[in-house]
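K.L.:
Got a sequence here, can you build the structure:
(one chain, ligands or ions: 1)
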Amino acid sequence: MPEFQRVFPDDAACAAYLEHLRWPAGFVCAHCGHQEEPYRFPSRSSVVLRYPACKKNTSLTMGTVLQSSHTPLSTWFWAAYLLTDADAGHVGPAIPAAVGL
Ligand SMILES: [Zn+2]
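P.N.:
Residues are numbered from 1 along each chain as shown. As a prediction, the model looks like this:
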């Protein structure tokens, strides 16, 4: 629990983690394929990034089990953590596996 809270204190931290999983070398627009720093919406819980040049949105959860979920990322991450890694006492590879990345 303490490590989980340190690593994922809020939805923004979960979103940043998903972004890193999806694009380890940096954001790539799902629509035009350009790789560039995206626009980030002000809402800290937003999972949508926008590539400024084509003005289209790319969702961090696109193609994952979270795509159509309205559950906050932090809640979902916590559930995945409890289901898989609670005994190990650390944040392991369960979350990417659980979300399908
Ligand atoms: Zn684009």
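K.L.:
Please count neighbours and contacts with C-alpha atoms only from this point.
P.N.:
OK.
K.L.:
and the residue of this protein nearest the ion?
P.N.:
Nearest residue of the chain to the ion, counting by C-alpha to the ion: C32, 3.8 Å away.
K.L.:
OK, contacts around that residue?
P.N.:
C54 (C-alpha atoms under 8 Å, 6 or more residues apart in numbering).
K.L.:
residue ranges with poor pLDDT in this protein?
P.N.:
Counting by pLDDT under 70, the chain has low-confidence residues at 1-2, 44-45, 84-94, 98-99, 101.
K.L.:
At the geometric centre of it, which residue do we find?
P.N.:
Centroid check for the chain by C-alpha atoms, centre = their mean gives L18 as the closest residue, at 2.5 Å.
K.L.:
doesn't that residue fall inside a helix?
P.N.:
Yes: secondary structure of L18 (DSSP: H, G, I helix; E, B strand; the rest coil): part of a helix.
K.L.:
Now it: closest residue in space, sequence neighbours ignored.
P.N.:
L60 (6.4 Å; C-alpha to C-alpha, 6 or more residues apart in numbering).
K.L.:
ok, now Y51?
P.N.:
Using C-alpha to C-alpha, 6+ apart and skipping the chain neighbours, the partner closest in space to Y51 is P38 (4.8 Å).
K.L.:
Tally up the residues packed near the one you found, please.
P.N.:
Residues contacting P38 under the criterion other C-alpha atoms under 10 Å number 19.
K.L.:
That one: what's it in contact with?
P.N.:
Taking C-alpha under 8 Å, 6+ apart, we find P38 in contact with 27, 49-52.
K.L.:
most neighbours, which of these?
P.N.:
Going by other C-alpha under 10 Å, Y51 tops the contacts of P38 with 23 neighbours.
K.L.:
Perfect, that will be all.
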